[in-house]
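Enquirer: Provide a 3D model corresponding to the input given below.
(2 chains)
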Amino acid sequence: MRDIIFYLLIIGAGTGGELCVTRAMKAVGEVKDFRPAALVGIITRALRVSWMWAGLTLMGTAFFCLLAVLSRENVSFVVPVTALSYGAGALGGKFFLGEQVTPRRWAGVFLVCIGVTIVIMGRR
Amino acid sequence: MKSSAGLHFKTYLLILLMVVFGPLGNVLLGKGMKRIGAVSIATPSDALDFLSRVVTSGTIWLGIGSLITFFLAYMLVLSWADYSYVQPASAVAYGMVALLAHFMLREVVTPMRWMGVLLICLGVLVVGHTPPRTTEPS
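Expert: Numbers count the residues shown, from 1 in each chain, chains lettered A, B, ... in the order given. Modelled structure (predicted):
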């Protein structure tokens, strides 16, 4: 049960964190100038967006949950299971960021989910 | 996208860095955590003990360094290459993790797990062949 909570946090907090960071970077605007001084300015602007802090907090939570799970499980099991974040990402992209998830993208997510199910079923 | 040899070279080089350092980072984190052993974070002192063991592990820091290298390569290559060109590399990463775990950590990867990993790679490839932007830029 504890491991299921950790996996849910890795997938949920990790994907939630990425979505928050994406939302923050969309608020900052498209990066066109890659000179070091300009990049420092962009990072400073990004850090003023509250979504960025929410995203970094969530991603940090997911990272420590990943470490906790890796202390007990094989990495060749844990990493494929975290691919479920593609499903969470598609749902989050659709409902949180207003993206259009095409049938082909859903088909890809479905394949990922079948693959993860096989990895879980083959757990020894 | 320019078709100069130099641009191709640096694109391939950075994708190679991504494919190597992303999975390597995860495998090093796995190795470091296996050395630390199963953690319990039931109380705040347990959590602090866990944190102190993590930050004093050289293998964990190597893993974090590898993941930062992966992330920098990913950000840099996306500054000129198409997302849909770069993204399939993340599919290869799942296969790389299984290979590295097998050879570096001596993990037993069963045929069923390989099949699952293969399907995940296929799924990620299909996702990568969809339009990378479906919203209007703000």
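
Enquirer: C-terminal to the helix or strand of chain B with the lowest mean pLDDT, what's the next element?
Expert: Ranking every helix and strand in chain B by mean pLDDT, DSSP states H and E puts helix B:83-86 at the bottom, with a mean of 70. Scanning forward in sequence from helix B:83-86, with DSSP states H and E defining helices and strands, the next element found is helix B:89-104.

Enquirer: report the buried residues of the helix or strand following that following helix.
Expert: For helix B:89-104, the following helix or strand on the C-terminal side (DSSP H and E) is helix B:111-128. Along helix B:111-128, the positions that meet the burial threshold by neighbour count (16 or more other CB atoms under 10 Å in any protein chain shown) are B:113-114, B:116-128. (C-beta placed from N, C-alpha, C; glycine too.)

Enquirer: repeat that for stretch B:20-37.
Expert: Buried residues in stretch B:20-37, counted by 16+ other CB under 10 Å: B:20-34, B:36.

Enquirer: which ones are touching residue 90?
Expert: Assuming you mean chain A. Taking CB atoms under 8 Å, 6 or more residues apart in numbering or on different chains, we find A:Ala90 in contact with A:Val101, A:Arg105, A:Trp106, A:Val109.

Enquirer: my question was about chain B
Expert: When contacts are counted by CB under 8 Å, 6+ apart, B:Ser90 touches B:Met18, B:Gly22, B:Val124, B:Gly128.

Enquirer: and for A:Asp3?
Expert: When contacts are counted by CB under 8 Å, 6+ apart, A:Asp3 touches A:Val69, A:Arg72, A:Glu73.

Enquirer: buried subset of the residues you listed as a PyMOL selection?
Expert: If you want just the buried ones from the contacts of A:Asp3 in PyMOL, going by 16+ other CB under 10 Å, the selection is:
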select buried, chain A and resi 69+73
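
Enquirer: nearest to A:Ser50, of the contacts of A:Asp3?
Expert: Within those, distances to A:Ser50 taken as CB to CB reach their minimum at A:Val69, with 29.0 Å.

Enquirer: need the nearest residue in space to residue 59, chain neighbours excluded.
Expert: Looking at chain A here, since you left the chain open. In space, A:Met59 comes closest to A:Gly17 once its chain neighbours are excluded; the distance is 3.5 Å by CB to CB, 6 or more residues apart in numbering or on different chains.

Enquirer: nope, chain B please
Expert: Closest residue to B:Thr59 in three dimensions, ignoring its sequence neighbours and counting by CB to CB, 6+ apart: B:Gly32, at 3.6 Å.

Enquirer: and the helix or strand the one you found falls within, what other elements does it pack with?
Expert: Assigned by DSSP H and E, B:Gly32 belongs to helix B:5-36. Here helix B:5-36 touches helix A:50-70, helix A:75-81, helix B:44-55, helix B:58-78, helix B:83-86, helix B:89-104, going by 3 or more CB pairs under 8 Å, 6 or more residues apart in numbering or on different chains; DSSP states H and E.

Enquirer: with distance to A:Phe6 added, can I get those helices in CSV?
Expert: Formatted as CSV, the entries for the helices and strands packed on helix B:5-36 read as follows, by distance: least, CB to CB, whole Å:
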stretch, distance to A:Phe6
helix A:50-70, 5
helix A:75-81, 10
helix B:44-55, 13
helix B:58-78, 17
helix B:83-86, 30
helix B:89-104, 18
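
Enquirer: returning to that earlier point: the residue nearest to A:Met59 and B:Gly58, how far apart?
Expert: Distance check for A:Gly17 against B:Gly58: by CB to CB, to the nearest Å, it reads 26 Å.

Enquirer: between the two, tell me which one has more neighbours.
Expert: Between A:Gly17 and B:Gly58, counted using other CB atoms under 10 Å in any protein chain shown, A:Gly17 has the larger neighbour count: 20 against 10.

Enquirer: not counting sequence-adjacent ones, nearest residue to the residue positioned nearest the centre of chain A?
Expert: Nearest to the mean C-alpha position of chain A, by CA atoms, centre = their mean, lies A:Thr15 at 2.7 Å. Counting by CB to CB, 6+ apart, the nearest residue to A:Thr15 once its immediate chain neighbours are dropped is A:Ala88, at 4.0 Å.
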